[in-house]
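In: Here's my sequence, what's the structure:
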Amino acid sequence: MNRLLFPCLVLLLALPPLCPADDFFRPRELPPLPEPLGVAGPFVGVSNGQLLVAGSAHFRVSPFEGGQKLWTDRAYTLEPGASQWKEIDPLPRPLAYGVSITTEDGILLIGGSDAESHYRDVTRVRLEGNTLVSEPLPPLPVPLANMGGALLGGVVYIAGGQRAPDSAPAERIFLALDLTQPDPRWQRLEPWPGPGRILPVAAAQDGAFYLIRGAELIVNADGSPTRRFLTDGYRFHPEEGWRPIADAPRPLAAAPAAPWGGSHIFIFGGDDGANFPRNGELADTHPGFPRSVWAYHTITGTWTQMGETPFGHVTTTVVPWQDGIVIPSGEDRPGHRSPKVFLESAVERKSGFQPLDYLFLTLYLASLVAMGIYISRKGTTTDDFFLAGRRIPWWAAGLSIYGTQLSSISFIAMPAKVYATDWVYLLVQLSIILIAVPVVFVYLPFFRRTKLTSAYEYLELRFNVAVRLFASASFVLYQFGRMAIVLFLPAIALSTVTGINVHLCILVMGVLATVYTVLGGIEAVIWTDVIQVVVLLGGAFLSLALILSELDGGLAGLIASGSEAGKFHVFNWSWD
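Out: Numbering: from 1, shown residues only. A predicted model of the protein is given here:
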């Protein structure tokens with residue numbers, strides 16, 4: 001089935017590069033919160049398909065005019081498609097600036113603060129109509145607020161924060177709660193190698209927990225705390241521990257963030273600290289927080305700016321909902337909140353195909369069918385259909401075998417996996433070369449002498465027809481499962497660059513391959529394989545050439561970067 005893959009691989013070369021400066025998300029305004037002054041530090045999550053925003057803190061009068069921060073216990077829900085929020089049962093107490101995490105069993109509300117204290121409480125809540133059903137979980141070892149947290153593989157991780165409203169320095173504490181255990185208990189783990197921090201970005205992505213940026217609390221000479229905004233970041237893997245990641249282009253704290261896809265963390269807005277020393281001087285004339293959307297790619301360790309948000313959000317929690325990311329309220333400048341709620345949806349990318357691309361695609365597919373029709377006129381016997389009249393040259397048969405050994409798994413999935421990890425998967429490919437030796441010198445000469453059409457025919461001669469049927473049925477069942485993947489992967493690629501429906505891509509490739517195979521037999525399969533091997537290798541070498549032409553340092557730079565990242569690791573010498 002690999003022959004279905006190659007047309008879309010050729011077409012991938014026509015795909016224009018995505019401009020990082022383009023807006024990746026398109027904001028859509030949802031109904032505003034009933035709190036006209038907006039909220040900051042709310043607990044946010046999704047339960048039974050409904051969006052929950054509970055607790056928070058706000059100012060009725062600007063703090064620069066003597067206003068005091070007020071905490072609330074109010075809770076609101078929004079159903080899909082609803083035109084307004086609905087107020088439900090409140091939280092047990094006014095609370096804000098904790099961590100909220102959505103799980104399959106409910107929303108975790110962890111820690112938080114009010115005007116006087118920080119708390120250890122951990123509660124799991126779920127929505128049942130207008131009722132907020134709560135269940136207590138083991139409390140934190142210490143009271144915490146302004147920390148970061150995320151869920152990874154059933155384990156809740158909490159990092160950083162403050163124990164009390166005016167405590168400094170910030171906590172350098174790392175906690176874990178394994179929800180998969182029947183009696184979970186918080187554990188203290190080895191903290192990250194950097195300084196303690198408040199208001200960091202925390203997210204789980206690509207099998208690891210990420211702790212990024214935030215603000216370090218420093219005690220001034222007069223004993224008052226101040227903030228130093230950070231750019232560092234760290235990755236925690238449960239089996240590997242901590243390691244630093246690339247510093248961010250600019251410092252940010254209190255920025256809402258969410259994982260996206262399989263390898264990105266998106267960060268919306270945040271406070272870069274540029275105006276922090278002048279907050280009192282600027283007061284209500286503060287220009288607001290940065291609006292940039294930053295993406296961190298966990299595989300390459302790179303940062304990219306991906307557009308802007310409607311306003312700079314800080315001190316709020318984002319959550320995936322309705323095929324997008326919801327950003328509910330938050331501070332847009334010091335001491336001021338906005339009641340607006342936005343749903344950030346990924347922008348649908350249009351096809352990069354041009355008329356010439358469609359022409360080549362059509363000609364390519366038509367040539368395969370034409371080849372099957374032409375060859376069908378040359379052979380009329382069973383020997384012609386299954387053995388091509390034994391007139392295939394050795395080099396064509398060799399190229400066909402080579403092409404048949406490869407599929408979309410080899411050409412799309414495995415390079416992607418190697419790109420994300422290392423070269424350990426090379427051993428799978430080496431096994432093909434190793435097995436080729438006994439096949440060439442033992443099996444092929446045997447089948448050539450006996451003039452058998454297939455291995456199944458030999459099984460019937462050697463044993464009986466039941467063994468032949470069992471072996472052939474087993475192979476057919478295996479191929480049904482394998483073909484599903486082999487067809488689906490190129491269909492995704494073809495759909496991406498053309499905009500054609502994935503199911504239609506699968507149908508077209510499957511029907512055309514079946515047509516020319518049935519018409520032309522093994523001879524049509526072999527000669528189309530020869531063409532597709534040329535396409536396969538040509539596409540691979542052309543892709544490599546294009547990459548090297550755009551890469552600093554060319555081939556030497558590629559090898560140096562790969563070696564530095566450990567990508568050329570091949571052998572695991574452990575007995576594990």
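In: domain parsing for the chain?
Out: Split into domains by automatic domain parsing, the chain comes to 2-14+356-564, 26-343.
In: can you give me the mean pLDDT across the first one?
Out: What domain 2-14+356-564 shows for mean pLDDT is 80.
In: so how far is that domain from its chain's centroid?
Out: Mean C-alpha position of domain 2-14+356-564 versus that of the full chain (Cα atoms, centre = their mean, to the nearest Å) differs by 28 Å.
In: Check the last one too.
Out: The gap between the average C-alpha position of domain 26-343 and the chain average comes to 21 Å, counting by Cα atoms, centre = their mean.
In: Check what pLDDT the closest residue to residue 88 other than its chain neighbours gets.
Out: Using Cβ to Cβ, 6 or more residues apart in numbering and skipping the chain neighbours, the partner closest in space to residue 88 is residue 130 (4.7 Å). C-beta here means a position set from N, CA and C on the backbone, and glycine is covered the same way. In this model, residue 130 is scored at 78, pLDDT.
In: Residue 130: neighbouring residues, count only.
Out: The tally of other residues near residue 130 (other Cβ atoms under 10 Å) stands at 11.
In: And the helices in this structure?
Out: 6-12, 279-282, 355-376, 382-387, 394-405, 408, 414-420, 426-438, 444-450, 455-462, 465-498, 502-550, 554-564 (DSSP state H).
In: Take these and write them to JSON lines, including distance to residue 106.
Out: Shown next, in JSON lines, are the helices of the chain (distance: least, Cβ to Cβ, whole Å):
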{"stretch": "helix 6-12", "distance to residue 106": "43"}
{"stretch": "helix 279-282", "distance to residue 106": "37"}
{"stretch": "helix 355-376", "distance to residue 106": "49"}
{"stretch": "helix 382-387", "distance to residue 106": "61"}
{"stretch": "helix 394-405", "distance to residue 106": "49"}
{"stretch": "helix 408", "distance to residue 106": "40"}
{"stretch": "helix 414-420", "distance to residue 106": "32"}
{"stretch": "helix 426-438", "distance to residue 106": "42"}
{"stretch": "helix 444-450", "distance to residue 106": "62"}
{"stretch": "helix 455-462", "distance to residue 106": "55"}
{"stretch": "helix 465-498", "distance to residue 106": "34"}
{"stretch": "helix 502-550", "distance to residue 106": "34"}
{"stretch": "helix 554-564", "distance to residue 106": "43"}
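In: among the ones you listed, which is the most enclosed?
Out: The highest mean neighbour count among the helices of the chain, using mean count of other Cβ atoms under 10 Å, belongs to helix 408: a mean of 24.
In: so what's the nearest residue to residue 140 once chain neighbours are set aside up against?
Out: Leaving aside its chain neighbours, residue 140 sits nearest to residue 120 (4.3 Å; criterion: Cβ to Cβ, 6+ apart). When contacts are counted by Cβ atoms under 8 Å, 6 or more residues apart in numbering, residue 120 touches 111, 139, 140, 141, 142, 143, 144.
In: distance of residue 441 from residue 274?
Out: Noted for residue 441: a distance of 72 Å to residue 274, by Cβ to Cβ, to the nearest Å.
In: ok, now residue 369?
Out: 63 Å.
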